[in-house]
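K.L.:
This is a predicted model, with the sequence first.
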Amino acid sequence: MQSGKAMFVQPSDLSELLAGVLPAVVAILDRGKGLGAGFVWKQEGLILTNSHVARRKKLEISFSNGRSEEAIVLARDADIDLAVLKISPADVPPLQTADFSELRPGQLAIAVGHPFGQRNHLTIGVLSAIGQARINGNSDNGFPVIRTDLVLLPGNSGGPLLDARGRVLGVNTMVVGGDQGFAVPAYLADRLLEPVVDGHARRRV
C-alpha cells in the first residue's frame, strides 16, 4: 500500500480576475472619509454593500478610475447587514453572481476591498463552511452566512466575496474570533428590494 502524498494547490495568476472586477468595485465615502466597499450589483445603477457601511441616507461613491458621484440608500436591513444604494446608471457591467446552492467548503474564496483605506486590495483564502445566523437569537428567523479564512480588515466591509471565476459569492461583513471572515449571501439582497412601496423597500428574508 502506497503512503499518502501531501497535495498542494497552486492558485493561478489572479491579476486578470482582479482587473476584470475592479471597474465594478467602489469605495463608499462619507464627507471624504472612507467607510467601506461595495460593488455594482445591477445594471440599473444599484450598488450592494453592508448596512453598517451605509449609515447615512446620502453617500459618496468612488470608482477605481477616480470617478465619483452621490448615492442614496434605497434599501437597508440591519438584521442581515445589507444595503442597496442607487446611483445614476453607469456604463459599468455589474458583477456576476454565483449560484449559492453550488457553494462548497474548500473552494477558493477571494475578497476585494479597501482595508484601512488602501484601495483595491485582494485577499485569497478558502470557503470554510456555510453556517446559519440568527436574528435576535431566534432560531426560526435566521439566514445563511458564508464563513472563510480570509483576512478581513476595516475597509473590507461591503466588498465582494468572489469565487475563482470572479463571480460574487457574498458580501463581506465581519470577522469573528479574530480569524474567521463572515459574508452574507448576495441573493438575500433580491428579497430586500421586494416589494418596493412608495420608493422604500421592505425587508423580506
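P.N.:
It's in.
K.L.:
the longest helix in the protein is where?
P.N.:
Using DSSP state H to define each element, the chain has its longest helix at helix 15-21.
K.L.:
average model confidence for stretch 78-97?
P.N.:
Across stretch 78-97, the average pLDDT comes to 91.
K.L.:
and it, how far apart are its ends?
P.N.:
Chord length of stretch 78-97, first to last residue, is 22 Å (CA to CA, to the nearest Å).
K.L.:
i'd like the first residue to be 44 from this point on
P.N.:
All set: I'll call the first residue 44, so the last point we hit is now stretch 121-140.
K.L.:
what helices or strands is the longest helix of the chain leaning on?
P.N.:
strand 151-156, strand 203-205 (3 or more CB pairs under 8 Å, 6 or more residues apart in numbering; DSSP states H and E). Backbone N, C-alpha and C define where each C-beta goes, glycine included.
K.L.:
middle-most residue in this structure, spatially?
P.N.:
residue 214 (2.1 Å; CA atoms, centre = their mean).
K.L.:
Tell me which helix or strand that residue sits in.
P.N.:
strand 211-219 (DSSP states H and E).
K.L.:
How about residues contacting that strand?
P.N.:
80, 82, 84, 91-93, 124-125, 138-141, 143, 146, 152, 154, 156, 170, 188-190, 193, 195, 199-206, 224-229, 232 (CB atoms under 8 Å, 6 or more residues apart in numbering).
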